[in-house]
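> coordinates only, sequence not included:
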């Protein structure tokens, strides 16, 4: 005779059944989990609002003209570069630009750009040592509307991909690469950088030593660089960069895994890091991640994404504004996140990078510019 199930037994089984159902399926959540859901919602809403700010208020040409105006007197700028470089050598690693601004009557942007060029020159020189025959695949993350950052790199690397989130910025670079009317005139920067390299005895010595190499590919690469530097004008360097970039101007979102371009087959082949063999020898990022969000966690995500793109034993060259709360683009104030050199170095070393060169520029006006300096780091992935 079948034994009837009592109400007590039935209730006990139902209780046990309920206990076996995970909270996420049963609809039960702790107060902490509910608070996190609300926090995530507001965070995503805020991030979308920031993204809209960049899309609607960031002007490509405004940005260029704010930070990289046409150099009116290249010879005078070259002399200024030499003077600032001498001052930098006396205080390696950390330099306060206020003193030289006062004594030489220079604008903050002038000293900042000289410091940028000095760092990029050193990176280019180190890459020439590491890759004397080229074979450097380069990815610039968040390249913006500018090409100045590629001039030093293109002297030693024959493959550069310019990735950028905003369509107007990509179009600005594309117009210049194609030589279209209305493209920004970067000629004065090519002329200045050409002379900066020619005046660097150590840089020239590396090229001359490579010209005597028994390796044909090393000699050919050195001959190419030598011919560009000692041409009558800087047009050869300009045309070389246009060729090196070509049509490799692609969409990229630094806040998404693989830069958010997995579905774009034409772009993905340039930055696919699914295997170490297809990763990038050199990743560059100039004033990108900290200048695209005010959220520190989002900044960490962006850092992780660019570090993922670097090949094992490859290199990362990164420049960032320091302790920023905003920065100007024309008449607009764009959101930024405050980071310092210790935080940036910690993220890199924690993720397996060895820092080869670290520099800090102090003295920018936080009241006028939104940041108090710049950070520069060149590192290798172990």
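The structure has been received and is ready for your questions. From a predicted model like this one, the values you see are computed outputs, not experimental measurements.

> C-alpha only now, for contacts and for neighbours.
OK.

> Any idea how many residues pack against residue 178?
13 (other C-alpha atoms under 10 Å).

> gap between the nearest residue to it once chain neighbours are set aside and residue 149?
With C-alpha to C-alpha, 6 or more residues apart in numbering as the criterion, residue 178 has its nearest non-adjacent residue at 7.4 Å, and that residue is residue 242. Look at residue 242 and residue 149: by C-alpha to C-alpha, to the nearest Å, they are 13 Å apart.

> more crowded one of the two?
residue 242 (22 against 16).

> How is the more buried one assigned, secondary-structure-wise?
helix (DSSP: H, G, I helix; E, B strand; the rest coil).

> Straight-line length of stretch 368-382, end to end?
Start and end residues of stretch 368-382 are separated by 39 Å (C-alpha to C-alpha).

> Let me see the ranges of the strands in this protein.
94-96, 137-141, 159-164, 249-251, 280-286, 310-322, 326-329, 332-335, 353-362, 373-381 (DSSP state E).

> Okay, now the unreliable bits of the protein?
Along the chain, the parts satisfying pLDDT under 70 run over 1-27, 34-47, 262-278.

> Give me the residue at the spatial middle of it.
The residue lying closest to the centre of the chain (C-alpha atoms, centre = their mean) is residue 285, at 1.0 Å.

> Wait, that residue touches residue 321, no?
No. Taking C-alpha atoms under 8 Å as the definition, residue 285 is not a contact partner of residue 321, at 11.8 Å.

> how many neighbours does residue 127 have?
19.

> residues in contact with the closest residue to it other than its chain neighbours?
Of all residues not flanking residue 127 in the chain, residue 156 sits nearest, at 7.1 Å (C-alpha to C-alpha, 6+ apart). Residue 156 makes contacts with 124, 127, 128, 134, 136, 225, as judged by C-alpha atoms under 8 Å, 6 or more residues apart in numbering.

> Take the residues you listed and keep only those in helices.
In helices, defined here by DSSP state H, the members of these are 124, 127, 128, 225.

> which pair in these spans the largest distance?
Farthest-apart pair in these is 127 and 225; separation 13.2 Å (C-alpha to C-alpha).

> What does residue 370 show for phi and psi?
phi 90, psi -10 (degrees, to the nearest 10).

> Let me see the contact set for it.
324, 325, 326, 327, 328.

> and with 6 Å instead?
The contact partners of residue 370, taken as C-alpha atoms under 6 Å, 6 or more residues apart in numbering, are 324, 325, 326, 327.

> can you count the residues close to the residue nearest to the first one when sequence neighbours are not counted?
What that stands for is residue 324. In this structure, residue 324 finds its nearest non-sequential neighbour in residue 371, 4.1 Å apart by C-alpha to C-alpha, 6+ apart. Neighbour count for residue 371, taken as other C-alpha under 10 Å: 24.

> swap in the one 3 residues further on?
Applying other C-alpha under 10 Å, we find 24 residues neighbouring residue 374.

> How much space separates the spatially closest residue to it that is not a sequence neighbour from residue 338?
Once flanking residues are discounted, residue 374 sits nearest to residue 321: 4.4 Å by C-alpha to C-alpha, 6+ apart. Separation of residue 321 from residue 338 (C-alpha to C-alpha) stands at 8 Å.

> Also residue 372?
10 Å.

> what does residue 163 give?
To residue 338, residue 163 is 24 Å away according to C-alpha to C-alpha.

> Give the residue from the two that has the larger number of neighbours.
Taking other C-alpha under 10 Å, residue 163 and residue 338 do not tie; residue 163 has more neighbours (26 against 20).

> Burial check on residue 232, number of neighbours?
Other residues near residue 232 come to 9 when the count uses other C-alpha under 10 Å.

> cool, and residue 229?
Using other C-alpha under 10 Å, residue 229 has 21 other residues around it.

> Repeat that for residue 205.
11.

> where does it sit relative to residue 154, distance-wise?
Residue 205 is 19 Å from residue 154, where distance means C-alpha to C-alpha.

> cool, residue 167 as well?
Distance from residue 167 to residue 154, by C-alpha to C-alpha: 23 Å.

> chain center to stretch 105-124: distance?
Computed by C-alpha atoms, centre = their mean, to the nearest Å, the chain-centroid distance of stretch 105-124 equals 16 Å.

> Buried residues, it. List them.
Using 16 or more other C-alpha atoms under 10 Å as the test for burial, stretch 105-124 gives 108, 110-112, 114-124.

> In helices, which of those appear?
Using DSSP H, the buried residues of stretch 105-124 in helices are 108, 110-112, 114-124.

> quick check, nearest of those to residue 316?
Nearest member of these to residue 316, counting by C-alpha to C-alpha, is residue 123, at 9.7 Å.

> what sits against the residue nearest to the centre of the chain?
Residue 285 neighbours (C-alpha under 6 Å, 6+ apart): 140, 141, 318.

> Same list, those residues, but as JSON lines with distance to residue 311 and neighbour count please.
Formatted as JSON lines, those follow (distance: C-alpha to C-alpha, whole Å; neighbours: other C-alpha atoms under 10 Å):
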{"residue": "140", "distance to residue 311": "14", "neighbour count": "24"}
{"residue": "141", "distance to residue 311": "15", "neighbour count": "28"}
{"residue": "318", "distance to residue 311": "15", "neighbour count": "23"}
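
> Check whether residue 244 really touches residue 162, as I assumed.
No. Using C-alpha atoms under 6 Å, residue 244 is not in contact with residue 162; the gap is 10.4 Å.

> With neighbour numbers in mind, choose between the two.
residue 162 (28 against 20).

> does the more buried one really touch residue 138, like I thought?
No. Taking C-alpha under 6 Å as the definition, residue 162 is not a contact partner of residue 138, at 8.7 Å.

> Which one of residue 167 and residue 154 is surrounded by more residues?
Per other C-alpha under 10 Å, whichever of residue 167 and residue 154 has more neighbours is residue 154, with 24 against 14.

> can you count the residues close to residue 307?
There are 19 residues near residue 307, going by other C-alpha under 10 Å.

> what does residue 312 give?
Neighbour number of residue 312 under other C-alpha under 10 Å is 17.
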